[in-house]
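Student: next comes the sequence, and after it the predicted model I'd like to discuss.
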Amino acid sequence: MRIVEPVTIGDANFLASNIIEAIPLASSSTTISAWAVGTAYTAGNVVCRAYAFAPFAARFGVFTAKASSTGIDPNTDINDKGLFWTLGDNATLYDAAVSFGIYQVVGYIGSTTGAYYYSKIAANLAHTPDSSPTQWQQTTLTGFNSYAGGTTYASGDQVVVFTGQYAQVYQSLAGSNTGHTPASSPSWWSYLGATYKPWDSTTTYAAGNIVIDLRTHHSYESIAGSNINHDPTASTSSTYWIDLGTTNKWALFDLSNSSVTTCPTALDVTVQLPSSCNTLALLNMRATQVQVIASTAGAGTLYNVTINLTNQSNATASRLYYYDSATNEAHLLLLDLPTNTGLIVEIIVTNSGTTSQVGVALFGTYDTIGTSTYGATMGIISFSKKEADGFGNYTLLQRASSLRPKFTVVVDSSSGNADRVFFKLKRLDAVPALYVGADSRAASWAFGFYRSFEELLSYPTKSFYSLEIESLT
């Protein structure tokens, strides 16, 4: 019996992924002349200027001259009769006293020019956009790199196609890519996946709109109309938002079996482990092959293993897996990761040219607490609906199920080991961990919690532990 306590993979550890979460953003070097009181303007000239319609707050506006003028303020003109200026695009005006969210787009006006910028960080406060490249990136009005039929794209360029808040992301497969609609041009574009626009405090959301929040890596659905400036992550948000769970990119690290990360092609993620680990478990996969590459900055590549899951003969004592040929369901347990500090691990999951999936990616260090004896039982708890009406007609609705293995484990009680195991299990009360009852039986690998455990002091040097485990759904 092995127990693996998972380490936490957070933002600082997630180095790279080909899974879409944030929509690709557009960079731009275009600036707009700031309106100046002493400059003579002629019809067609374009300027930017802060403007406001009382009682609303000032905004960043782009104005086009309708006639020649000098000293006629666009803000004053549009609040009067609009004889000289027409207001076009506009955006939130940068304010040093306001904390801006990640990817929020603002307009900033410097001494002679203005431009649009998107925030590169959360809680972006008092960083002047044109002099803070770590916090701000110059962009376009929308910030998003939306597909445009007349634009020529280079190989590797990423674009987004919107349907409301829903965003489908594509990557160009070749240069000189012009006029090829991504959804209908598979020889020109590779589909990378779908996501939603990040939540924006200045956007008004209708009921049913979905957003993501890059602070929590969760998706949220608006459950109210006229939903503006209600933070979905706040404790008071339940009136306006419902939490839909972890985003696709992060689902494999949320320690839930039922939320899965999927990728239209091979799934490829790279993380740096926060502490030394010797174990990687990949559970609830749809896959035919897994490659794991581990390295450090100083030592280079230390581990490079490719496992063809469809061939059970590849399994070894330290590289264990199960594969179902009917569904491509697979579970993998690697017990021989290098234990170097600062280990960087790349995981590549392939599913024979179709969508790949991982439910749980779990790193940790296994602890062998004893030996499971014969007589263990393995089963499930079904949460599916199976109801019959008065005539015996059944309604069947398949839902999640939970593994429920029960083990008797022989534990060496010499040198205080039995007490070590006892207090380890006590500490793991209601704490998720991976329990491996038998290396050779994937049905005995349960990521979850124990419902109960008891120690029977049978012999002077041996204790018998009974453990009932329930996996998370």
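Tutor: Good, I have the coordinates. Residues are numbered from 1 along each chain as shown.
Student: tell me the secondary structure at the residue nearest to S402 when sequence neighbours are not counted.
Tutor: Counting by C-beta to C-beta, 6 or more residues apart in numbering, the nearest residue to S402 once its immediate chain neighbours are dropped is I381, at 4.5 Å. Every residue, glycine included, has its C-beta placed from N, CA and C. Following DSSP: H, G, I helix; E, B strand; the rest coil, the label given to I381 is strand.
Student: quick one: contacts for I381?
Tutor: With contacts defined as C-beta atoms under 8 Å, 6 or more residues apart in numbering, the neighbours of I381 are S401, S402, R404, E470.
Student: what helix or strand is the second one on?
Tutor: Following DSSP states H and E, one finds S402 within strand 401-403.
Student: which residues are contacting that strand?
Tutor: Contacts for strand 401-403 (C-beta under 8 Å, 6+ apart): 378-384, 443, 446, 448, 469-473.
Student: apart from its chain neighbours, what residue comes closest to S68?
Tutor: T42 (5.0 Å).
Student: how far away is the closest residue to T178 other than its chain neighbours from F144?
Tutor: Leaving aside its sequence neighbours, T178 sits nearest to T152 (C-beta to C-beta, 6+ apart; 4.5 Å). For T152, the distance to F144 equals 19 Å [C-beta to C-beta, to the nearest Å].
Student: the more surrounded of the two?
Tutor: F144 (21 against 12; other C-beta atoms under 10 Å).
Student: hmm, back to that, among the contacts of strand 401-403, who's most crowded?
Tutor: I469 (26 neighbours).
Student: report the beta-bridge partner residues of that residue.
Tutor: Y450 (DSSP bridges).
Student: quick one: contacts for it?
Tutor: Here I469 is in contact with L403, R404, P405, K406, F407, Y435, G437, A446, G448, F449, Y450, R451 (C-beta under 8 Å, 6+ apart).
Student: please apply the same query to Y321.
Tutor: I307, L309, Q312, N314, A315, A330, H331, L332, L333, A442.
Student: please flag which of the residues you listed sit within strands.
Tutor: Of the contacts of Y321, the ones assigned to strands by DSSP state E are I307, A330, H331, L332, L333.
Student: format those as JSON lines; extra columns: pLDDT.
Tutor: Shown next, in JSON lines, are those (pLDDT from 0 to 100):
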{"residue": "I307", "pLDDT": "96"}
{"residue": "A330", "pLDDT": "95"}
{"residue": "H331", "pLDDT": "96"}
{"residue": "L332", "pLDDT": "97"}
{"residue": "L333", "pLDDT": "97"}
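Student: farthest-separated two in these?
Tutor: I307 and H331 (11.9 Å; C-beta to C-beta).
Student: where do the strands of the stretch 1-150 of the chain begin and end?
Tutor: Per DSSP state E, counting those that start in this stretch, the stretch 1-150 of the chain carries strands over the ranges 2-6, 14-17, 32-33, 40-41, 46-51, 59-65, 69-70, 85-92, 105-109, 113-119, 136-139.
Student: pull the distance from the last one to the chain's centre.
Tutor: Put plainly, it is strand 136-139. Chain-centre distance of strand 136-139: 23 Å, with C-alpha atoms, centre = their mean, to the nearest Å.
Student: and if you look at the second one?
Tutor: Using C-alpha atoms, centre = their mean, we find the averaged C-alpha position of strand 14-17 to lie 10 Å away from the chain's own average C-alpha position.
Student: which residues does D89 contact?
Tutor: Applying C-beta under 8 Å, 6+ apart to D89 gives the contacts G61, V62, L141.
Student: distance to K197 added to these, as JSON lines?
Tutor: Putting the contacts of D89 into JSON lines (distance: C-beta to C-beta, whole Å) gives the following:
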{"residue": "G61", "distance to K197": "23"}
{"residue": "V62", "distance to K197": "22"}
{"residue": "L141", "distance to K197": "14"}
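Student: and which of the residues you listed is nearest S201?
Tutor: L141 (17.5 Å).
Student: any idea how far the nearest residue to that closest one once chain neighbours are set aside lies from V358?
Tutor: Among residues not flanking L141 along the chain, D89 sits closest, at 5.1 Å (C-beta to C-beta, 6+ apart). Applying C-beta to C-beta, the value for D89 to V358 is 42 Å.
Student: what do you get for S111?
Tutor: For S111, the distance to V358 - C-beta to C-beta - is 51 Å.
Student: so which of those two has more stuff around it?
Tutor: V358 (25 against 8).
Student: next, give phi and psi for the nearest residue to that one once chain neighbours are set aside.
Tutor: Excluding the flanking residues, the one nearest V358 by C-beta to C-beta, 6+ apart is L252, at 4.4 Å. Dihedral pair for L252: phi -70, psi -20, per degrees, to the nearest 10.
Student: L252 touches G359, doesn't it?
Tutor: Yes. Between L252 and G359 a contact is recorded at 6.9 Å, counting by C-beta atoms under 8 Å.
Student: what do those two both touch?
Tutor: Common neighbours of L252 and G359 (C-beta under 8 Å, 6+ apart) are V260, T261.
Student: between those two, which is the more surrounded one?
Tutor: Remark: of L252 and G359, L252 carries more neighbours, 30 against 22, as counted by other C-beta under 10 Å.
Student: give the contact list for that one.
Tutor: With C-beta under 8 Å, 6+ apart, L252 has these contacts: V260, T261, V269, V358, G359, V360, A361.
Student: and it, what's its pLDDT?
Tutor: According to the prediction, L252 has pLDDT 95.
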